[in-house]
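Peer 1: Requesting a structural model of the entry that follows:
(chains A and B)
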Amino acid sequence: SQQGEEDPQALSIQEGENATMNCSYKTSINNLQWYRQNSGRGLVHLILIRSNEREKHSGRLRVTLDTSKKSSSLLITASRAADTASYFCATDGGAQKLVFGQGTRLTINP
Amino acid sequence: DAGVIQSPRHEVTEMGQEVTLRCKPISGHNSLFWYRQTMMRGLELLIYFNNNVPIDDSGMPEDRFSAKMPNASFSTLKIQPSEPRDSAVYFCASNPGTGGEQFFGPGTRLTVL
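Peer 2: Numbering: from 1, shown residues only, chains lettered A, B, ... in the order given. As a prediction, this is how the structure comes out:
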């Protein structure tokens, strides 16, 4: 079953703009991860945020976590054409299991 | 490090045939995961191993699917007999076994005609 639900399902913006994607989940978590998938490729880990953290940065990425609302957001600043990809949130489903959402398809227009 | 290696990258077969997908995890990683990705169902965990032992196979769709990990550097996912609804991209991932980030292979795109 899908634990994480991304919103929006698709997002198209101009290069240089910021992109924000949201993820909601249903049960308690230890951590939440974001992954990127380029077309035809495997998933690449972007960032992990623990349940006791509220915000985390990595380069142009900023992730927030609100455990009271069971939601997370991924912000990509100053987007580039190379950021075009699908983005997935994943929550720990117990033990080492990850439960992935359906993803947000991000398109950066030049 | 070469990363997680999967073979073949593409497989086209006919309904009823046996299909074997292969995975070599990153050296030193103790956990290995098999996922299936489709447009309809997204990314689903099929099974995962810790130290070559299957821990959770609750995602394996039916008895036609089986997975083995005979040693720390090799795993197979077998479908016998294959059906058109098995068409999907199958990913293998590994991690050191402490939870957290998983490292994905490039996937095998399976088409069952």
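
Peer 1: tell me the contacts of A:Asn109?
Peer 2: Residues near A:Asn109 by C-beta atoms under 8 Å, 6 or more residues apart in numbering or on different chains: A:12-15. All C-beta atoms are positioned from the backbone trio N, CA, C, and that covers glycine.

Peer 1: Out of those, which is nearest to chain B?
Peer 2: Each of the contacts of A:Asn109 was checked against chain B using C-beta to the nearest C-beta; the closest is A:Ser12, at 19.1 Å.

Peer 1: Now do the same for the closest one: its pLDDT.
Peer 2: Listed pLDDT for A:Ser12 reads 96.

Peer 1: which SS state does B:Arg85 fall under?
Peer 2: Per DSSP: H, G, I helix; E, B strand; the rest coil, the local secondary structure of B:Arg85 is helix.

Peer 1: Any figure for the gap between it and B:Pro61?
Peer 2: Separation of B:Arg85 from B:Pro61 (C-beta to C-beta, to the nearest Å) stands at 9 Å.

Peer 1: Okay, strands next: where are they in the chain?
Peer 2: Reading this off chain A. Remark: strands assigned in chain A by DSSP state E are A:5-7, A:10-14, A:19-24, A:31-37, A:43-50, A:55-58, A:61-66, A:71-76, A:85-92, A:98-100, A:104-109.

Peer 1: you looked at the wrong chain, it should be chain B
Peer 2: Going by DSSP E, chain B shows strands at B:5-7, B:10-13, B:19-24, B:31-38, B:42-50, B:53-56, B:65-71, B:74-79, B:88-95, B:103-104, B:108-112.

Peer 1: Now tabulate the ones you listed in a markdown table and tack on distance to A:Asn22 and mean pLDDT.
Peer 2: As requested, these are exported to a markdown table (distance: least, C-beta to C-beta, whole Å; pLDDT from 0 to 100):
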| stretch | distance to A:Asn22 | mean pLDDT |
| --- | --- | --- |
| strand B:5-7 | 31 | 97 |
| strand B:10-13 | 34 | 97 |
| strand B:19-24 | 32 | 98 |
| strand B:31-38 | 21 | 96 |
| strand B:42-50 | 17 | 94 |
| strand B:53-56 | 29 | 94 |
| strand B:65-71 | 34 | 97 |
| strand B:74-79 | 33 | 98 |
| strand B:88-95 | 24 | 97 |
| strand B:103-104 | 23 | 96 |
| strand B:108-112 | 30 | 98 |
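
Peer 1: In JSON lines: those, plus mean neighbour count and distance to chain A.
Peer 2: As requested, the strands of chain B are exported to JSON lines (neighbours: other C-beta atoms under 10 Å in any protein chain shown; distance: least, C-beta to the nearest C-beta, whole Å):
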{"stretch": "strand B:5-7", "mean neighbour count": "17", "distance to chain A": "8"}
{"stretch": "strand B:10-13", "mean neighbour count": "14", "distance to chain A": "10"}
{"stretch": "strand B:19-24", "mean neighbour count": "19", "distance to chain A": "11"}
{"stretch": "strand B:31-38", "mean neighbour count": "23", "distance to chain A": "6"}
{"stretch": "strand B:42-50", "mean neighbour count": "21", "distance to chain A": "4"}
{"stretch": "strand B:53-56", "mean neighbour count": "14", "distance to chain A": "7"}
{"stretch": "strand B:65-71", "mean neighbour count": "15", "distance to chain A": "14"}
{"stretch": "strand B:74-79", "mean neighbour count": "19", "distance to chain A": "15"}
{"stretch": "strand B:88-95", "mean neighbour count": "24", "distance to chain A": "6"}
{"stretch": "strand B:103-104", "mean neighbour count": "21", "distance to chain A": "4"}
{"stretch": "strand B:108-112", "mean neighbour count": "18", "distance to chain A": "8"}
